[in-house]
Structures are given as structure tokens and as C-alpha cells.
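[1] using only what follows, build the 3D model:
(4 chains)
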Protein chains: 4
Amino acid sequence: MSQVNCAIIGFGYWGPNLVRNFAAAADCHVHTVADLSPERLAAATRLYPGLHTSTDIDAVIHDTAIDCVVIATPVFTHFDLAKKALNAGKHVLLEKPMTDTVAHAEELIELAIRHGKTLMVDHTFLYTPSVRKIKALIEEGSIGKFKYFDSTRINLGLIQQDVNVLWDLAPHDISILDFLEPTLPISVNATGVSHIHNGIENIAYLSVNYQHDFMAHFNCSWSSPLKIRMMLVGGDHKMVVFNDMEPTEKIKIYDTAHSVRTPEEKQRILVDYRVGDVYIPKLEGGEALAGMAKDFIQSIMTGKEPVASYRSGLNTVKILEAAQHSIKQQGKEIKL
Amino acid sequence: MSQVNCAIIGFGYWGPNLVRNFAAAADCHVHTVADLSPERLAAATRLYPGLHTSTDIDAVIHDTAIDCVVIATPVFTHFDLAKKALNAGKHVLLEKPMTDTVAHAEELIELAIRHGKTLMVDHTFLYTPSVRKIKALIEEGSIGKFKYFDSTRINLGLIQQDVNVLWDLAPHDISILDFLEPTLPISVNATGVSHIHNGIENIAYLSVNYQHDFMAHFNCSWSSPLKIRMMLVGGDHKMVVFNDMEPTEKIKIYDTAHSVRTPEEKQRILVDYRVGDVYIPKLEGGEALAGMAKDFIQSIMTGKEPVASYRSGLNTVKILEAAQHSIKQQGKEIKL
Amino acid sequence: MSQVNCAIIGFGYWGPNLVRNFAAAADCHVHTVADLSPERLAAATRLYPGLHTSTDIDAVIHDTAIDCVVIATPVFTHFDLAKKALNAGKHVLLEKPMTDTVAHAEELIELAIRHGKTLMVDHTFLYTPSVRKIKALIEEGSIGKFKYFDSTRINLGLIQQDVNVLWDLAPHDISILDFLEPTLPISVNATGVSHIHNGIENIAYLSVNYQHDFMAHFNCSWSSPLKIRMMLVGGDHKMVVFNDMEPTEKIKIYDTAHSVRTPEEKQRILVDYRVGDVYIPKLEGGEALAGMAKDFIQSIMTGKEPVASYRSGLNTVKILEAAQHSIKQQGKEIKL
Amino acid sequence: MSQVNCAIIGFGYWGPNLVRNFAAAADCHVHTVADLSPERLAAATRLYPGLHTSTDIDAVIHDTAIDCVVIATPVFTHFDLAKKALNAGKHVLLEKPMTDTVAHAEELIELAIRHGKTLMVDHTFLYTPSVRKIKALIEEGSIGKFKYFDSTRINLGLIQQDVNVLWDLAPHDISILDFLEPTLPISVNATGVSHIHNGIENIAYLSVNYQHDFMAHFNCSWSSPLKIRMMLVGGDHKMVVFNDMEPTEKIKIYDTAHSVRTPEEKQRILVDYRVGDVYIPKLEGGEALAGMAKDFIQSIMTGKEPVASYRSGLNTVKILEAAQHSIKQQGKEIKL
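    Numbers count the residues shown, from 1 in each chain, chains lettered A, B, ... in the order given. All right, here's what the predicted structure looks like:
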């Protein structure tokens, strides 16, 4: 295959970014943009004159000229569309979160394996220079043993009516956790509150528990007057702060090696930390979404597993589904 | 009583601040400073020449010249010392947290009532201009209905060996919550991790649940490279950010009134928030600890209940004790 | 005239923004984009398929179908192009700075008056919500008497070879000063340094002096590791900080009313200031360049003087030219 | 001499800090504190019971038991007091600025040399870990060639009636410049404004010029709603930002090495900078004033020239005096 013909389904909030990046990707042709709304398609052709569009999504999925389908529709439609596309022999990229249930994710994965097609999830953050840098720091051993992960993603946002704030905001951070930590979690606890009496939590807190002494926590809110996107990645030698609101200094690496105290002091205390030097690495430029698009196209052409693989998608949905059970059972630990 | 004679027991980290503020308080005389360590007492007399000191804490507690006892010793000693002092007819001020168990707190309260003595806890934050301002905003109705409380108190700190990070750091924030929210919580969930294999959590997360749609959450850590002291106090009209690391602009009030959307938009969304003007009030000066000392002396002289009353102390210990049970039971909801 | 036909000359760094905003402006048609470089024109048609382009700038200027010319070329070409355009009966918008000399600016103004055409300068900042807000605060009297203006615009930038850092960066701030302060300055002093031995200063400081006790100062640098865009606008009742690097809280208004001291204290001091409340107003949205484009079109259609008039352009060039003389004469005061 | 007996003259704003640090210094005894005001001396004995005090400053200066005199009185009294003390055979430490005129400074230096006594100025910043770190970076060559120095020291302050804002605030920054840059400046330009019609400038700007392509600039104000203490120290390899308002991250080192462009790009530009990694070194703790006191005592005991020598004091006064002449002559260049 010398060029991948691509259909993008859904031209809402994120669709234009996908079209722009797939249009710019090597070895890729944006063949069709599909949406149920003629107004959205008109918006697409204003931006990209000459673009082929369609409101007949089924026809697009079955169009034999098309190699792969990028699905950027609401999450509850992901399963049906992706299932049809995989059965029609297409490679599939799904917006995050992958599906609305674990069962749906597992069925899609089975189909992808059976048909030998790429199934991938747009976990864009896995392609950012910031997350790549943190991954490299962990892999090269410079932060020491990875001890905790603490993420805050809060802002004043629209309160949605189909999914709670965890399904909306946490996939970014959960997929980053899954990318960074090589072992799988064993359980989750989550709590939350809904201020609009429809059972959809607008504030939620999630703890993810592991076999060993590692822990992750997520603070997600649509009701914060401050916009915070901050992640602490703690090792026993160094700790990293990823502040995505900083325009250029997104990653700060703190030297926080343990300091052993004198025996006398150790009567009171066991471990001391000290903050030493801080280092702010220059990060590579480049748009993360371009890297994601490239990874999808290359996976289609070579069969290589992409970074944001279906494993990443499934692991994320597992945590989200368990978190929802936990919230509805008053924070009870839900095994994974 | 024209002047209150005061003994301060414990001259460690916090003791010097107590001596300084009680020495400066009207109608108060610092009669004796007691500590088991002669070195600490020598340090006290270097700072305050002429100060009377003693290593015989029992004798100090039973000295008939002394009216009240300020106890600034480790938490596990609070109950015994305070019990002796109340039985000896003294008024008692305890450092936070009040006691190590709810049962101990309740027994001390019973004693204080029986003997007609003031029993108070040094919840210093209740005397800060910042917390007073937030209380006033809630009481005057300007933030609207109080909807959530979210506190982060993290830094790189000594890992202690007798109590976990919640007992160390959260009393500040829990006592503020208790001060601000007029109803009592019904349950808690907490999770945490210990990185030093002694069962003492150095990172912990606490959710506090209420009968109505109000929720509080606490993020406490001794293992963060960043020092954060931030509290979000959310109402349905305004939200307050209390950032105690800011030298002067500690309180920011955000106008975030709901915005009703058109019916068409409301198909997708239910509620929208918008950030409007922000207002940073000029706060009063003055040291919070001076206000705390004054409140204790006045309660002794007039019988008036202090702001940081034993109710505040007990409510805080109830949440801490339940949180500890929850952590040890994998985040299970613990009823209060 | 029901619609203004517009030619945009120069499709470099700023050209695409101009095309986008004039294309979106009411009563305006982007008739032609002209540039000497076919590559730049190809870039334009990639972005705007169907756009008419030309490398023959003279022909465009004399095209009778065109009503107005927007000149976004290097400053040393402004005079010739604008002169031709005005003589060809076109309305003219010039990028900032208006011209490279005061004499050139004055000759263009004379031509514009003679031909009855609009001559305007793209001082975009005059159309930002931030600057509009500060202007309103001054006009409504709420900051009190306007006392000083202090601007810092520094970053790590390309060192240009035709103009120094003042001509590059200061036009923004000088045009804002001219917009805010109703009186005209009487003289300037400027100092600077060139680190590349071509006489082009990469760091420069400019003081602008007035008849009364008002003063303005500008700090401009291409050699700062920090990117700062900060302006202090001081009145005797309130002071405004305009920090353009802040994503949302660009304008902070400080209540700094004088405080008269006791006679005893006044032996030492004459005036005291106190910082009271701080207020961060919600600013209108909207792209400043759209407002600028609209003002140009409306001026053409109605004859009304635009905000960024040739007066604003001329006053700015007067200060820049005098500053250059001052730098070359070791900071000597140059009368305006 | 096994111990230096020290008299401290002036117990105003800064006096208590001097007493505290000289009392704690090795080989030093605070023999007497002198002040014209009995109230100030009473304040001193409240803080330091047992301290010997006196209102007879002449007697103190001539007391044969006293080895050195620390003068913390208003600047216009420095010359007379220091002259008497040097003639009485005392070593002298002067608060900054050293004297009110260059002639006075030079006469004191001559006296100190003639009598073989230490004459030093309390330029405290030269003893801070931040300034020491910057000095080390310059000396070890890691910032490359030192190219510029830009300091901003502004806040809302008392407007003084005897000296302008430069004499009040700039000595800190000028003494740092003198410490960092090995060559001497050739001239200054300064501008300023007085808002209280007494000729005392409350806002002032100072440029300091050198033989080579190095430049320094100072922005000082008592009329800024923001408190800023920021210094840029630019080299051609690295640039340092010293932000003294940061509690811990005071020094940030930016890798900004030049980047040579392609010949094509170089038609437009000559030099490009890029911001690379940023490094925040852990600084030593310790109070700067303690280091200053120690340096004075050691200079007395060993004859070694102190860091904050009379050279540093004289160089600073030379710039201040020239700046004052320049302001009064409309920013004219004043040769040094």
C-alpha cells in the first residue's frame, strides 16, 4: 500500500484538528469526511474546499476505496461504528475514550485481531514531548523507583449530560499513567458529587491501587474557577512536575534524593527529603496530533503496534468503568 | 480573675510561638514553661530571660498558682496531660489535633463540662484573615449555595513515624471545613500509600461526604516537590480560591454564576459556568496565633465558647479517625 | 459604496492575519493579495483557494477595481508604496510603524488630506479589550490623575538588521501611550546597546517627557531569556497592571489611594501609598485585528477618523525618530 | 586582638538586624548601642536585656574600649560620624549608601588608609547566595561574555523627603553590578519624575555606560502596585534571571547560545537566540547579614580587604551622584 485512504467520521469539536493533521500526514489521503449534520459538512468544505463529504456514514464505512476510518463521534456510538468498520475490513482509530464499556472494547479488540487490522485510540498526550520526556526519564532510571502519580485536571466547563467528568477528562491522565507505569493496577476507589441532580458527577476523585507501594490519584472537575493541568510524577530520586498550563516550561525535574539523618534525629523521623537543583529541559516542538496520525498510518502500513494501542484504550476504559461502579457504591474498592 | 496565669507544656517546634503570643496577650501572664528536656528549657530562657521553667510537668499541672495549661506536646500525650490538668481544675488548650482518638476527645469534653473549664484546640487557621473572609462570604450569602470544598496541602516533608500525613497536615483543612460548613458529614473515604513500609502513609487522599449534594476532598502529601497550600471553596454564584503561598493576594473571589443556555444548546449540555470578574480583597493584618491566644484567655474569663472549641476539635478527630479506618479497609466508606 | 475592494500587499509574517480578518470583515472583499515572492503567493492560495494574487505590485496599486490598499511590507518601503497608492486615489492602511521618518509620515498625511482618503496605521493594540478597558478607566476618572506609564516588552528574538529594537517592539507601547495620554510629550531620552557591532541596538531604553509631572518609560529587548509584556499605568487613586502574558487575567486594577500620615510620621515621610483591594475585570472577547479591519472599512465608507489614525501613526514615528537621535547622541534630550 | 568590641550607632529600621547579627558573630562583642532616641534604646533593651546603651554618640565614638563602629543612621550623617570614628582610631562599617557625596566618600577612604583601619559598607546583597552564585557563573565563564545587566526594583513605598528613589533603592543593584562587572563604567544617563513637587524623584531610570559593548540599566520606583525585584544578567552563552521575590527558586539559568542561521535567513537576520534548557541551582542557606558581619570582623582582625570594601561603596556613590546630576540636566550623559 503506497497511500492510505482515510475517512473521518464526525466533524464536531475535534474533527477539524483530525482533518488538518491527517491531510498533512505522509502517505495519507483524506478521502471523505462524514457527519450526520449537513451544516458541519458545509463548515468542513469552507475550511477545505474540494473535500469530499457525506452524510451517509454506512456507505462511507463500506466504501471499498477507503482503507481506514477515524471515528470522532460521541463515545456511546464508538462501538457500533467501529464494529461495522472492522467487519468491513477497515483499520480503525477511535477518539478517547475507546468505548463506553469494557465489554465493547474487548469485542472490538477481538474483531481487530481476527481481521488483522489496526485498532488504535487517539490518546494524543502519549505523543506530546512532555509525556515522552517523562517516559524517557523513567525508562533511563533517572527518577529512580516510580512511587506515585498525582494528576489534577480541573476547570470551569460545560456540564455534560451523557458522561461524568471522569469519562470526559480523566482518559488523558489515565492513558498517561498506563503509558508510564509498566505494571497493571489491581483496583480503584472513586468518589464524586453531582450538582445537577441527574447523577452525572461534575467533580470526581479517583484512586488507582497497585500490588506494590505505588499509587495514582486523579482530581477531575468541571466546577473549578482555576484551570489546572498538573501532574506530579514521583520517583525516589527525582520528581517531575508536568504543568501543561505553562507555555514553555512544562516539565520541571526536581532532585529530591533521600537524605539519611543521624541516629539521634532518626528517633523522631525515618526519612527526610531535600529539594536540590531543578532542571527544566528544552522539549522538542511539533504537534502531538501529527505524531498520533503518523503512528496510525505507519501501523496500517507496517503492522507495527502503535503507541496508543488498543491495550492502552482497554486499560483506560477498565479504570473508568470500575471508577463509575465505585462512585455508585460509595467509594468501595472495585477490583480490576 | 484579673489576670490568667498560664503554663505552657512543650517547648519544641511550636512552643516558642505560643510563648511569644501568650506573653503579648492582654490579661495573661506566662507563669511557667515546662518541658522534659533541659536543653529546650535553656533555649527558652535564652529567648526570654527571667522566664520560669520546669522539667516536672506534673508539679506544673498541679501548681495552684496556675489557671490554665497550654499543651504543645506530641499528640499521643495529649489525653493524659489534658485529663490531669482538667482534673486539677485547669483550663486547657491543646495543640491540633486535639487527641489521638475520638474516645479520648469525648472523655476530655465530658471532664471539661463537669469541671466547668474551657477546653479548646489550637486550630490557628480559624483565626486567619483569609478563613475569616471566606466565612463571611458564605454567611452573607455572596457565594450562593456552598457546593464543594477541595484542599491540597502538599510539600516535601519529614516522614514521621507516629502519625500519618493526614493526622499531620489535614487538621488545618478539616477544621476550616468544619468552621465553614454548618452541617455535619455522614461518612468518609480515604486512600493512601506508605513508601517506607511502616504502615504510616506519606501520601493520602480523603473524601468527606454529606447528606446533601456537598462534598469535601483533601490531598495531603509529604512527598511533593512543590509546596502547595490551595483551597477551592465553591458556591453556585461565586467560587473562592485560597492560595496560602501567595504573600499578599491569598484570597481570590471568582464570579462564576450559572449561565442558562438556549434550548438547542441544552440538548447537549445542562449547565454552563462562566468566569466573570475576579476580586482580590484587602485582608486585615495581624497574627492568627495572637487571635487564638486572646480567644482562649477571653473564654477563661467570660465563659464564652471559643471559635476553636472542643466541638471543632472533636469533629476534626472524628474525621481523622474514620479516615484511618477507611485507608486500612481499602477506601471503604466509614460512617461517622 | 456598498462594498470595499481591498488589496493586501505583502504576505509575510503578518499578511495571513490581515487576509483572514479582511476576508471576514463586513462590506469588504479581498480583491487581490500581492507579494514579490511567488512562493508567498502560493502559500496564500493554499490557505485561500480562489484568491486572486499578483507579483506586479504597481499594477495592483493602479487597478481601478481596488478601493483600498493594506501595506504589510518592510517599513522602509512604506512611504513609496503608500504615496503611489494615495496618488492613485486609494485609501491606505499601513503596518506599524507608519514610516521610517517623520518627514515621510507628514508627506503621506498631506497627500491623504489633499485626496480626501483614509490613511491609517495598524496599531492593533488600540483595538484590544485590555487597552480599551484602561482607556475607559482613565476617561471615567477612576484611576485619578494619570501619573506615569512604564512598559517592558522583552524577549529572546531575532536580531534584525534594518531597524533597532525600538522600531521593532516599541510602536505597540508608544501607540498605547499616545492613545491613553491626551497631551503630547515635549522630549525624549534614549540609551541602548548593540551587541552585534552593526549599530543596530538589540536592547534600548526610552524615556518620554511631558510638560507636567507625567513620565513614560519603555524597556525593549531582543536579548531577554524571559518573555515579558507588562505595562504599569499609574494614577493617583488606582494603578493598572496590564500583563499580556496572562491568558485571562490581563488587567489588574489596584486600589492605591494615598494615605495621609500623622504629623509626627510626616517628619520623615511625605506621602504613603497602601495597596487595597485588587479587581480583575472580565474583558470582552473578540480579535483585535477584526476591530482594526472594521474601523478601516468604516472610515472609508463614512469618512470618520479611525482610532488608529495617521495622528497616532505620526506621533509614534516622532518619538521613534527622536529616540534614535538620542541614542546616537549618548542619551541627550531630544525635543519633539 | 582576640575579640572585637563593637558599637552600633542607630537603632532604627535596620539597627535590630545589625545587633542580632553582630551579637551572633564569632570574635565579636556588641559593647554599646547608641541612638539619640531614648525610646529606641528602650526598644533595644526590651529585645536584648543587659545590653549597654547610650544617647551620647560622641562619647561612644571616643570610648577606648570600643574597636569598631557600625553606623546605621541617615545617609547625610554618615560622613561626620565616620570621620570622627576613623580619627578616633576605630574601624568603621557604614550602612548603604556609603555617603551622600563622592567627595565625602573619598575623604573617608583617605582617612581609613592613613589610620590603617577597615572602612566597609553594608552592601548586604554581596553576601547573598544568589549574587555569589551569579558571580561564580561569570568567573567560571559559563555565561560567556557578560553583555548586559538589567535591574528592576519597584514597589509601593514611602516617599522619602531627603533622598530620591535611586539613593534609596539602587545602591543594592549598583553594588551588585560593581561586584559582577570587572571594568568601571564611563558615564551615566538618568531620568525621573517627582509626583510630590519637592524635587525628590519617586520614579527614576538609570543607564550606566561602559567603554565596551556592555550596558546596565536600573528601574526604581516607590509608586508601583507590584513589588518586583528582578535582575537579568546576560551573557552570550547563558542568561541568568535573579527573581528575589521567589521564595526558593531565586536564580534561573537559561541556556541561550547563539544559533547561526542559513545564509538565506541571514539576509534578514544576523543573530538568532534560542532558549534551551533551564537550570535552577540549589542555593546555600544562611543569612547574608551574618556573612557581612563576619567579613567586617575578619577584616579588622586580619587586615584583609572585605568584599563590600570602600571601593564598592565609592563606586556606588559615584554612580548615584552622577545620576542625580543627569536627572537634573534632563538625562544628559554625565562622565564618571
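[2] and the next element down the chain from the strand or helix carrying A:His217?
    With elements taken from DSSP states H and E, the one containing A:His217 is strand A:215-221. Counting by DSSP H and E, the next helix or strand C-terminal to strand A:215-221 is strand A:223-235.
[3] quick one: the single longest helix found in chain A to strand A:215-221, angle?
    Ranked by number of residues, the top helix in chain A under DSSP state H is helix A:310-328. In terms of direction (axes from the mean of the first three to the mean of the last three CA atoms, to 10 degrees), helix A:310-328 departs from strand A:215-221 by 70 degrees.
[4] packing partners of helix A:310-328?
    helix A:102-115, strand A:119-122, helix A:165-180, strand A:187-193, strand A:203-209, strand A:334-335 (3 or more CB pairs under 8 Å, 6 or more residues apart in numbering or on different chains; DSSP states H and E). Every C-beta, even on glycine, is put in place using the N, C-alpha and C of the backbone.
[5] so which of these comes closest to chain C?
    helix A:165-180 (18.8 Å; CB to the nearest CB).
[6] tell me which residues in the closest one are buried?
    A:165-180 (16 or more other CB atoms under 10 Å in any protein chain shown).
[7] those also near chain C: which ones?
    Among these, no residue sits close to chain C (CB under 8 Å from any CB of the partner chain).
[8] contact residues of chain A facing chain C?
    A:Pro49, A:Gly50, A:Met245, A:Pro247.
[9] out of those, who's nearest chain B?
    Closest to chain B, out of all of those and judged by CB to the nearest CB, is A:Met245, at 13.6 Å.
[10] quick one on the thing from earlier: chain center to the strand holding A:His217, what's the gap?
    14 Å (CA atoms, centre = their mean, to the nearest Å).
[11] what sits up against it?
    A:148-155, A:165-166, A:168-170, A:173-174, A:177, A:181, A:185, A:202-210, B:150, B:191-193, B:203, B:205, B:217, B:219 (CB atoms under 8 Å, 6 or more residues apart in numbering or on different chains).
[12] weed out the non-buried ones from those residues.
    Counted by 16+ other CB under 10 Å, the contacts of strand A:215-221 give A:148-155, A:165-166, A:168-170, A:173-174, A:177, A:181, A:185, A:202-209, B:150, B:191-193, B:203, B:205, B:217, B:219 as buried.
[13] can you report how many residues neighbour the closest residue to A:Val193 other than its chain neighbours?
    Excluding the flanking residues, the one nearest A:Val193 by CB to CB, 6 or more residues apart in numbering or on different chains is B:Met215, at 3.9 Å. Counted with other CB atoms under 10 Å in any protein chain shown, residues neighbouring B:Met215 total 24.
[14] and A:Ile186, by the same measure?
    13.
[15] what residues are up against it?
    A:Asn209, A:Tyr210, A:Gln211, A:Lys335, A:Leu336.
[16] I'd like the distance between A:Pro225 and A:Leu156.
    Per CB to CB, to the nearest Å, A:Pro225 is found 6 Å from A:Leu156.
[17] which of these two has more neighbours?
    A:Pro225 (23 against 18).
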